[in-house]
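Participant: sequence first, then the predicted structure:
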Amino acid sequence: MNHLFSNRICICSAAVGFLLGGCGLSLGQSTPPPSTPPSSTAPGSPSPAALTEQGLVALKANQSEQALDDFQKALLADPNDVVANLLASTAALSLYKSDLAVQYAEKARQLDPSNWKVHTTLVAAYAAAGKKEQRDQEREILRKLHADPHAPDAMQTSGFLLEMFPVKQYRVEAVEYFKPVGKFHVYYRFLIRNAQGKRVWQIDAESNDFDQSSWANAHPDEAAAGKRQFQLAGQEGDARSDYHMFSGLPDYDLIRAQVVGVIQEQTTPFPGETAQ
C-alpha cells in the first residue's frame, strides 16, 4: 500500500471504503431503531440484513448494478436502515446516477444527521450532481468534524472521497486531504481506474517545501496572501510523470479541470494498464 494511504484512508474495491469511512464498517453500526416497523418479507425471501450483506459483496466486486438492486430490495423492507441507504448511495454513485445517490444520502442524513459516514457520502453525492454549494457545505462540516475531539472517526481520518467522475474510459476518484500529506505535501489525489476498478494511475496536486521556498522569494506578496506553487504529478509503482506547475490557492475545481485535461490528452495506456 502506498504510504500516503495511511491514517485510515483506504480503498475497498474502489470507493466503498472511502464513502463509509473505512473498511471495517459493521452493517449494523450507527443504525438507529426504525421509526416505523419494517415491512414483512415473503416466506423464504432473504432478510433485509442478508440483502445488504449480499449487496456489499457485489459492490466490492465492482458489480454495482447488482449491488444497487440488493440495497433497494433491502430498503423496501426497511427504508430507515441508515447503512443500506448509504450503500445504495454509493452504488448509485458508481453507476453515475447522481440524483439517486443524493436521494439515498439525504435520507441517511435525515435518519442520522450526526453520523460522520453520512457526510462523507453526501459530499460525493452532491459533487456528482453538480450541487457545488451543498458539496462545499458538506466539505466544511467534514473539516469541523475532523477537528472535533468528540468525533474520533473523523479525527483519525486524513481525508475523504470528494468526487467520482468519468473521463474517457476511466473512472476518477478525487480525494481531498484535511492537511497536506507526505513529503511532497499532497493536497488532492486523483485515482484513475479502468472499467474493472483496477487503479492504473494516480495524479497528485502537490506543493513541496523546496519549490515553495524559491517561489515565495520570487512572489512575496502572493506568498503572504497564502498562495503557493503547485505541481501536478502522476505516479504508479516506479513510474512517475511531472505534468505542469501552477500557482495560487488549492482550488479543487481548478485542479480538477487540469487533471481532466491531462487524462484527455493521454494518448498511450497508463503504466498501470500495461503492468504485469
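Facilitator: Structure's in. What do you need? Numbering: from 1, shown residues only.

Participant: how is the protein carved up into domains?
Facilitator: 3-22+47-155, 168-274 (automatic domain parsing).

Participant: adding mean neighbour count, distance to residue 162 and mean pLDDT, write those domains out as TSV.
Facilitator: In this view, the C-beta of every residue, glycine as well, is placed from N, C-alpha and C. Shown next, in TSV, are the domains of the chain (neighbours: other C-beta atoms under 10 Å; distance: least, C-beta to C-beta, whole Å; pLDDT from 0 to 100):
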stretch	mean neighbour count	distance to residue 162	mean pLDDT
domain 3-22+47-155	20	6	87
domain 168-274	16	4	93
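
Participant: how about the strands in the stretch 51-200 of the chain?
Facilitator: 159-167, 170-181, 186-193, 199-206 (DSSP state E, counting those that start in this stretch).

Participant: adding distance to residue 148, write those strands out as a markdown table.
Facilitator: Shown next, in a markdown table, are those (distance: least, C-beta to C-beta, whole Å):
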| stretch | distance to residue 148 |
| --- | --- |
| strand 159-167 | 15 |
| strand 170-181 | 12 |
| strand 186-193 | 22 |
| strand 199-206 | 26 |
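
Participant: relative to residue 94, which of those is closest?
Facilitator: Closest approach to residue 94 among these (C-beta to C-beta): strand 159-167, 7.1 Å.

Participant: buried ones in the closest one?
Facilitator: Within strand 159-167, the residues that count as buried by 16 or more other C-beta atoms under 10 Å are 159, 160, 161, 162, 163, 164, 165, 167.

Participant: can you check what pLDDT the model gives the second one?
Facilitator: You'll see residue 160 listed with a pLDDT of 95.

Participant: my read is that it contacts residue 175, right?
Facilitator: Yes - using C-beta atoms under 8 Å as the test, residue 160 is close enough to residue 175 to be in contact (7.1 Å).

Participant: got phi/psi on residue 112?
Facilitator: Phi and psi for residue 112, reported as degrees, to the nearest 10, are phi -150, psi 70.
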